[in-house]
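Colleague: Sequence first, then the predicted structure:
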2 protein chains.
Amino acid sequence: MLSYLARWVSRGAVQALKGTSSRPQLVKTPRIGNQTLAAAPLPFAGGSPGVRQARALDQERLLQIDWDDGSCSLYPFTWLRDNCQCPLCTLQSAQARSLLFSHLDVHTGMDHVQLMDNKVSITWPDQHSSEFDPDWLKKRCFSSEARQALQEELFLNEREYWDSGLQIPTADFEEVLHDDKAALAWLEALRRIGIVYLRGAPAEQGQLARLSQRIGYLRLTFYGHTWQVQDKPMANNVAYTSGELSLHTDYPALHHPPGVQFLHCVRQADEGGESEVVDGFHMAEQLRREDPEAFNILSSLRVDFTDSGADYCDFSVQSKNHIIDVDSSGRVVRINYNNATRDSVLDLPLHQVQPFYSSLKAFVELLSRPENVFTYRMEPGDVVTFDNWRLLHGRKSYQSRGQNLRHLEGAYLDWDEVMSRLRILRKTVRGDS
Amino acid sequence: MLSYLARWVSRGAVQALKGTSSRPQLVKTPRIGNQTLAAAPLPFAGGSPGVRQARALDQERLLQIDWDDGSCSLYPFTWLRDNCQCPLCTLQSAQARSLLFSHLDVHTGMDHVQLMDNKVSITWPDQHSSEFDPDWLKKRCFSSEARQALQEELFLNEREYWDSGLQIPTADFEEVLHDDKAALAWLEALRRIGIVYLRGAPAEQGQLARLSQRIGYLRLTFYGHTWQVQDKPMANNVAYTSGELSLHTDYPALHHPPGVQFLHCVRQADEGGESEVVDGFHMAEQLRREDPEAFNILSSLRVDFTDSGADYCDFSVQSKNHIIDVDSSGRVVRINYNNATRDSVLDLPLHQVQPFYSSLKAFVELLSRPENVFTYRMEPGDVVTFDNWRLLHGRKSYQSRGQNLRHLEGAYLDWDEVMSRLRILRKTVRGDS
């Protein structure tokens, strides 16, 4: 499966499992999602141009670097002094700043700048000196284009939207565990598409702990390190029944819900239990276009969520979250919605209650349209990994009888840990700095 | 120490350690912080009035409840139907909604309402019926006052600000472990004041694991389940040296930094190593008054943080955070600032760079004013517990030689888990519903 994923990543388009197996069952007719973004740029792979000239603009307190390719970058004196890379100012073993902010003159001048051994060498008024590598400087250029490229390299925020025609990226469980390229392709697809299927895991508990170790560590919650999705008597969660689960994100009752979710099928039900997913970011953007008022309400009003009971230990959790979380630039960054744990406590003035319900109705109806929902059926040994900040997932009700009692094992991780592993793998595999 | 804390909680004022011991050494002259808030209200402790009359306002789709005390509450039909507490609509064992949102008519009428056995009994147009307990309804009244009181009960957002005159709330380590009242007083003070000192722990590693279990579980990070603050060769963090640590919050390189931090002194240095804390929320509010432009810049521009190395496992973490985080209502909710991990990558257009540095300078100077900083010295067996979203902490440099090599053990928890334990303890101790 590695080659499929690797090709997907390099071409920037979804390569789906085609005819090599009947799993995952593509219940909907496979077709490409209706928005395809370009692959993440690798702006610094080819090395940077050399420095033709460096000069201090004392009036503006800016250092101007003219590059060999004719382009030019400007760097504030303060920023340069703040980021001096010498052993006095930077703790080399931690790659962390040891220069105290109280020692930084935020109005510093510059005594002297010169090019020396292909470094930009600066002498400050107190005779402290700093040396900067041209590649390091070029990467940190303050132009809008350079910053955008670097941010995309650091955070991989570009997403590829999909709908019911999703061709689900698929990889081999053991390959992902043992091959760095396969692991990198897995995590890049998980970030960009939001869901990746892994096949060939042993059909027994404990596999998600192995998969989590591949990244770093899983996130413990009140439901345990991993948790068993089964039909349980006196269920402390609606998931632990055989009933239908409508589309939801997991754990909005936490203020920082788990970013990534793994579900491993140990046993499937004889009848029912199919899985459903929908691309929440795609749907939120569609809502913004189709019903801007509903979008504004769901992204500005905070809703209370609640979860209490006992599992790993006893718990009484309360949160306030936007159902659609947007950042300060208006970008949708997280969906927080689980109807089961949406609190009866609704902290809204009376006149906002009905608009809230109407807006949520518009969003839920959009989520549930057949053209938006991708349906599949997990079989023993399958693992689905997905972005719990982006996807909503659900399952159909199932028959909880006979010998095959349905059993999924689940685990959570956070995006910071997953992205950390992705960056390290990229460095290993591609040799990025 | 229990009685001190318990009295503090009931009086709503800080009871400090007075003359019962020389520890913690109050380096500054003790005096009461310059802003004292009232204790958290317990609005529902006395029970609710009975219902005099319930009637449906069909035109407005509102249920009006007239209470025995002459007050009146209005409840939208949709909200009532959404929160039907019957076994079909609510999974009793999980106290979670099983009614699917797709089955909710957000424009429902009401067939009939009556008072029966001191319950509000409603029949819906489809003949489904719901019963509501008056106390349950009263608590969820949509009036501004009722909502504010309930939110304060759920989240304890009122804070008591302090400065260098902090009289640090102090409790006994073993009592907090074994006595529910002591534990509740500890967590309430931790929430309201932001820092509580625990004394009398054994001066050996492993105590923070015990303390974390008292709450639930600690938060694993790349630095391990707990971490050892010592002077280490090839330190992967500036904290693991003997140098001065300027005032900072821990781990802004994560998008969701740990909410609560524990530090346990196993061994103190012979010379130096005093601890410093400052009330970041207080300082941010002061900055908002003194230098609104700086406040606006630090609360609107996101700053990159970075942390890479190897500890629990290898890591390469990147985040973007506001140095002063405010919520949508403008309330300061988190400080994210560690100069050591502030990235050399600065994702700002050139014209915002100098204003950013000037604003940060204004904030750091405010933080560092002697009248704002509380200084103390930990001795073996002392544990300090504090709000890492609110406090900035630092330490003076120390002599790393002789037999007593300084050693603190540290651990993190998240506020959701701490607040969960606080709610459960409150229920146990006070019998709150």
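Modeller: Received it, and whenever you're ready, just let me know what you need. This structure is a prediction, so every number in the text was calculated from the model and none was measured.

Colleague: which parts of the stretch 151-300 of chain A sit against chain B?
Modeller: For the stretch 151-300 of chain A, the residues in contact with chain B (C-beta under 8 Å from any C-beta of the partner chain) are A:151, A:154-155, A:216-217, A:220, A:222, A:234-238, A:240-241, A:243-244, A:246, A:254-256, A:300. Heads up, the C-betas are built off the backbone N, CA and C, glycines and all.

Colleague: Which of the residues you listed fall in strands?
Modeller: Among those, the members found in strands (DSSP state E) are residue A:246.

Colleague: Just the buried ones from the residues of the stretch 151-300 of chain A next to chain B?
Modeller: A:151, A:154-155, A:216-217, A:220, A:222, A:235-238, A:240-241, A:243-244, A:246, A:254-256 (16 or more other C-beta atoms under 10 Å in any protein chain shown).

Colleague: domain ranges for chain A?
Modeller: A:51-132, A:170-428 (automatic domain parsing).

Colleague: hey, which of those is tucked in deepest?
Modeller: Neighbour counts (mean count of other C-beta atoms under 10 Å in any protein chain shown) averaged over each of those peak at domain A:170-428, with a mean of 20.

Colleague: now do the same end-to-end measure for that one.
Modeller: End-to-end distance of domain A:170-428 (C-alpha to C-alpha, to the nearest Å): 22 Å.

Colleague: Tell me where the stretch 101-250 of chain A has helices.
Modeller: Using DSSP state H, counting those that start in this stretch, the helices of the stretch 101-250 of chain A run over A:134-139, A:144-155, A:173-178, A:180-192, A:207-215.

Colleague: Which positions in the second one come out as buried?
Modeller: The neighbour-count criterion (16+ other C-beta under 10 Å) identifies A:146, A:147, A:149, A:150, A:151, A:153, A:154, A:155 as the buried residues of helix A:144-155.

Colleague: For it, which helices and strands make contact with it?
Modeller: Here helix A:144-155 is seen to pack against helix A:134-139, strand B:314-322 when contacts are counted using 3 or more C-beta pairs under 8 Å, 6 or more residues apart in numbering or on different chains; DSSP states H and E.

Colleague: Of those, which is nearest residue A:179?
Modeller: The closest of these to residue A:179 is strand B:314-322. By C-beta to C-beta, the value is 17.6 Å.

Colleague: now the closest one, how far from the chain's geometric center?
Modeller: 22 Å (C-alpha atoms, centre = their mean, to the nearest Å).

Colleague: elements contacting that strand?
Modeller: helix A:144-155, helix A:415-430, helix B:292-300, strand B:302-310.

Colleague: repeat that for 10 Å
Modeller: helix A:144-155, helix A:415-430, helix B:292-300, strand B:302-310, strand B:332-335 (3 or more C-beta pairs under 10 Å, 6 or more residues apart in numbering or on different chains; DSSP states H and E).

Colleague: Now do the same for the closest residue to residue A:97 other than its chain neighbours: its pLDDT.
Modeller: What sits nearest to residue A:97 in space, not counting adjacent residues and going by C-beta to C-beta, 6 or more residues apart in numbering or on different chains, is residue B:340, at 5.2 Å. pLDDT for residue B:340: 96.

Colleague: And residue B:340, how close does it get to residue B:175?
Modeller: For residue B:340, the distance to residue B:175 equals 36 Å [C-beta to C-beta, to the nearest Å].

Colleague: swap in residue A:89?
Modeller: Relative to residue B:175, and taking C-beta to C-beta, residue A:89 is found at 46 Å.

Colleague: any idea how far chain B is from the closest residue in space to residue A:402 that isn't next to it in sequence?
Modeller: Nearest residue to residue A:402 in three dimensions, chain neighbours excluded: residue A:270, at 5.3 Å (C-beta to C-beta, 6+ apart). Going from residue A:270 to chain B by C-beta to the nearest C-beta, to the nearest Å gives 24 Å.
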